[in-house]
Each structure stands twice: as structure tokens, then as C-alpha cells.
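In: below are the sequence and a predicted model; questions follow.
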Amino acid sequence: MNYSIQIQLIYSALDHNNMDQARGIFEQLFASVETRLKNYLVSKHGRRWYESQGADIIQTAAMHMWKALLARGYDLSKNASFPGWCLGILHNKYKDSCRNSSRKKLITVAMLSEPKPAHGFLPDENILQNEQVQVIMEKVMNLPQLQRDIVLDKISGLSGVETARRLGLTTVRVSREFHAARESLSGSIF
């Protein structure tokens, strides 16, 4: 498929206010790269993860691509690869999803760590536990982004291999960053 011609047709349809035609051409274009995009996400996390979260990321990326084309965001004069452009957008949406997932994990950990009245606990002990959780969470939030993501993955039960695959790093790098985070936290968690 000649992507440049297809994009020129989209731009021409937009110039003539024919949104349906432009959308139809985009859908054909997107269908031609969709398998590549799916394979990219499956290679990052596996098929099961893709089925639960990856399809949503591809949909978000497709919407971003469509909006970019509506704004003439794909420059035909640069001879950029359309599939490469799509993969770049998907990669950014994937990273956004990972960051949002890390934030949700942090909130979940904080909520799960809040003390609940339990048999045999004095109220003062619950207050002390809550203060410790707050201190730990503040320290985790002050870590560099990569270390914070790795610590949150560890807290949520992911292995180093799973974290490495999720973040696109080597397991050695994940291990090194995790140990650096442990040093930074000065024994607050570990």
C-alpha cells in the first residue's frame, strides 16, 4: 500500500469537506498497520495483557492519529514512514498508560495501607501506622520516575522480568534501579 497517496487522498477529502470519505480512507490505512501495532504491544507484555489493556491503548492511539491527520500533523514532505509514525504514537500512548498505571498502583497501595481498626490494636498504634505509610509514600513519590515505577511494580507483586518487559529495560537495569531506590529510601520500606 502506498501510504503517501492514501494520506494525500485523506487531505484532499478534508479539503472538500468530505469527512466520511476521509474517515473511510483512514480506517483502511489504520487496518493495514493494526497488526503491527498489536504485535508491538504483545511483544511488550504478552497476549493476555494485550486482551485486557492493549486494545484500549491501540484505540487511544488510533484516535490520536486521526486527530493528527485532521490537523495535518503528518508531514508528507519529510517522507516519514507511516507505519513508523503510527508506532511512535502507539509507543507514546503505551508509556502514558504505564505511567497512569503506576500512579493508580501508588494510590491503591496507599489506600490498602491505611490502618483499619483491628482487634487488639490500640488507636495510637493505628495512628502511628498511618503516619509511617504517609512517610513511605512521600519518599516513594520523590524517587525518580523510573525508580518509582520499579518500586510500585515490586509492591504490586510483579517480578523483575515482568517489570523489565513492561518498561522495555533489561533485568539488570531493573535490578540496579531497584537497589538504587532501596538506598534512596533508607530502609523505610525494605
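Out: Okay, I see it.

In: the one helix or strand residue 55 maps to: how far from the chain's middle?
Out: Using DSSP states H and E, residue 55 sits in helix 55-70. Counting by CA atoms, centre = their mean, to the nearest Å, helix 55-70 is centred 15 Å from the centre of its parent chain.

In: looking at this protein, which helix or strand is least sure?
Out: Ranking every helix and strand in the chain by mean pLDDT, DSSP states H and E puts helix 123-141 at the bottom, with a mean of 66.

In: tell me where this protein has strands.
Out: For the chain, no strands are identified by DSSP state E.

In: what residues go with each domain of it?
Out: Annotated domains of the chain cover 3-96, 114-185 [automatic domain parsing].

In: mean pLDDT lowest for which of these?
Out: If you rank those by mean pLDDT, domain 114-185 sits at the bottom with a mean of 75.

In: ok, the nearest residue to residue 41 once chain neighbours are set aside - contacts?
Out: Distances taken as CB to CB, 6 or more residues apart in numbering place residue 54 nearest to residue 41, at 4.0 Å, with adjacent residues excluded. For the C-beta atoms, the positions are set from N, CA and C on the backbone; glycine is no exception. If you count contacts by CB atoms under 8 Å, 6 or more residues apart in numbering, residue 54 has them with 38, 41-42, 45.

In: those in helices, which ones?
Out: 38, 41-42, 45 (DSSP state H).

In: from those, list just the buried residues.
Out: Among those, those classed as buried by 16 or more other CB atoms under 10 Å are 38, 41, 45.

In: and which of those residues is nearest to residue 95?
Out: Using CB to CB, residue 41 comes nearest to residue 95 of those, at 11.8 Å.

In: ok, that closest one touching residue 94?
Out: Yes. The pair residue 41 and residue 94 passes the contact test of CB atoms under 8 Å, sitting 6.6 Å apart.

In: now do the shared contacts for those two.
Out: With CB under 8 Å, 6+ apart as the test, residue 41 and residue 94 both reach residue 57.

In: look at residue 31 and say how many residues are nearby.
Out: Residue 31: 10 surrounding residues under other CB atoms under 10 Å.

In: next, count neighbours for residue 141.
Out: Residue 141, neighbours per other CB under 10 Å, totals 11.

In: 826 is where my numbering starts, stick with that
Out: Okay, using 826 as the starting number, the last item reads as residue 966.

In: that one against residue 973, yeah?
Out: Yes. Using CB under 8 Å, residue 966 makes contact with residue 973 at a distance of 6.9 Å.

In: this structure: helices as residue ranges?
Out: Secondary structure of the chain (DSSP H): helices located at 828-840, 844-870, 872-874, 880-895, 907-938, 948-966, 970-980, 985-992, 996-1010.

In: tell me the most buried of those helices?
Out: helix 970-980 (a mean of 20; mean count of other CB atoms under 10 Å).
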